[in-house]
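S.K.: based on what follows, work out the 3D shape:
(one chain, ligands or ions: 1)
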Amino acid sequence: MTDKCNLNCMYCTPLEKNQFLDRNEVLTYEEMTRIVILFAQLGIRKLRLTGGEPLIKRDIIDFVGMLRDTGALEEITMTTNGVYLQDRADKLKRSGLDRINISIDTLKRERFEAITGFDFFDDVWKGVEKALEAGLDPVKLNVVLMKGINDDEIADFAQLTLDRPLIVRFIEFFPTNKRSMKYAGSSLKSDEVKKRITGHFGMLESVSGVKGNGPSDYYKLAGSKGLVGLISSYTENFCNNCNRVRIDCAGRISPCLFSGHTHDMRPILRSGRFDDEALVRMMRDALKIKSRYRKDKLRNGQLEMSSIGG
Ligand code: SAM
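M.R.: All right, here's what the predicted structure looks like:
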């Protein structure tokens, strides 16, 4: 949705400032919708809105409605930091958002500020509560774990699933851009996370069939309303099962998060001709070469999650 964010997370926001796209480089909602409709015709009917921070976009609620009105999509979801969610959760739901992922790496207010640069913990937490009240289903919390930074909160996060229908997903941190390289040794393996949860709560029951088609393994604590998810983004290679295609806010298709290779749709979109065939050709080409890329060809320090959305 955008390459800009209202937080400054210690492992995500690029070090170099002022490298954001100009406003006219970012696709309009009409251009984005055209792309969505064409991809849907190729069979891609599940859409996640991410960023940057999607909720800093003006009229984002109307855009969700516009996407829903196309009738082209089976599912619309969003990944957000939740800062602006409390007043919007209900409207987003009513406009057609199905479910939501909220990124929150700590339950401690001061630590939240240390990680993100802003004292917005209370806002995010209210956003989580409003998302549950609004009936977004499921509400998933994304927790990126880093040794010595927030790994002492694993049990507290898992505890949240006991009396709330939340899905708490622990994500292995992986170094992506220059800023995150200095935390390269901080990743905590999912096996270790699982061990710590069972050490605290006892047996974890494995669960299948959770909405989302994602790379997470899901578990349930005894008697819990929600679930715990483990995403082994660093230690496992799920390239063979990858079902994602990413499009950034400038209209570039990334067949693979790790490759750096893109297909630029904007020149076609803005050629002045309604050349849907050329767009579809480019989409097909991007999908065709997707399987060529592999995580082992990681772009060393060159992957900006803040513009491609994770
Ligand atoms: N602003 C939105 C948000 O905060 O959810 C969407 C964009 S953000 C880049 C998407 C997700 O990527 C967040 O959950 C964030 O924690 C995760 N992320 C960013 N850098 C990461 C890294 N190096 N390793 C693992 N996850 C990362």
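S.K.: give me the distance between stretch 123-130 and the centre of its chain.
M.R.: Here the centre of stretch 123-130 is set off from its chain's centre by 17 Å, with CA atoms, centre = their mean, to the nearest Å.
S.K.: list the contacts of it.
M.R.: Contacts of stretch 123-130 from elsewhere in the structure, counted by CB atoms under 8 Å, 6 or more residues apart in numbering, are 80-87, 89-90, 102, 104, 112, 139, 141, 166. Yep, even glycine has a C-beta here, placed from its N, CA and C like the rest.
S.K.: filter the residues you listed down to the buried ones.
M.R.: Taking 16 or more other CB atoms under 10 Å as the criterion, what is buried in the contacts of stretch 123-130 is 80-86, 89-90, 102, 104, 112, 139, 141, 166.
S.K.: how about the helices in the stretch 101-250 of the chain?
M.R.: 109-116, 121-134, 154-163, 178-181, 190-201 (DSSP state H, counting those that start in this stretch).
S.K.: closest one to the ligand among those helices?
M.R.: Nearest to the ligand among the helices of the stretch 101-250 of the chain is helix 178-181 (4.6 Å), distances taken as CB to the nearest ligand atom.
S.K.: among the contacts of stretch 123-130, which two are most distant?
M.R.: Taking CB to CB, the two most distant members of the contacts of stretch 123-130 are Asp90 and Phe112; they sit 23.9 Å apart.
S.K.: count the residues that sit near the nearest residue to Arg34 once chain neighbours are set aside.
M.R.: Excluding its sequence neighbours, the residue lying closest to Arg34 (CB to CB, 6 or more residues apart in numbering) is Leu269, at 7.0 Å. Leu269: 20 surrounding residues under other CB atoms under 10 Å.
S.K.: cool, the one 10 residues further on as well?
M.R.: By the other CB under 10 Å criterion, the neighbourhood of Leu279 contains 18 residues.
S.K.: isn't it right up against Phe39?
M.R.: No - between Leu279 and Phe39 there is no contact under CB atoms under 8 Å: 9.3 Å.
S.K.: right, I'll leave it there.
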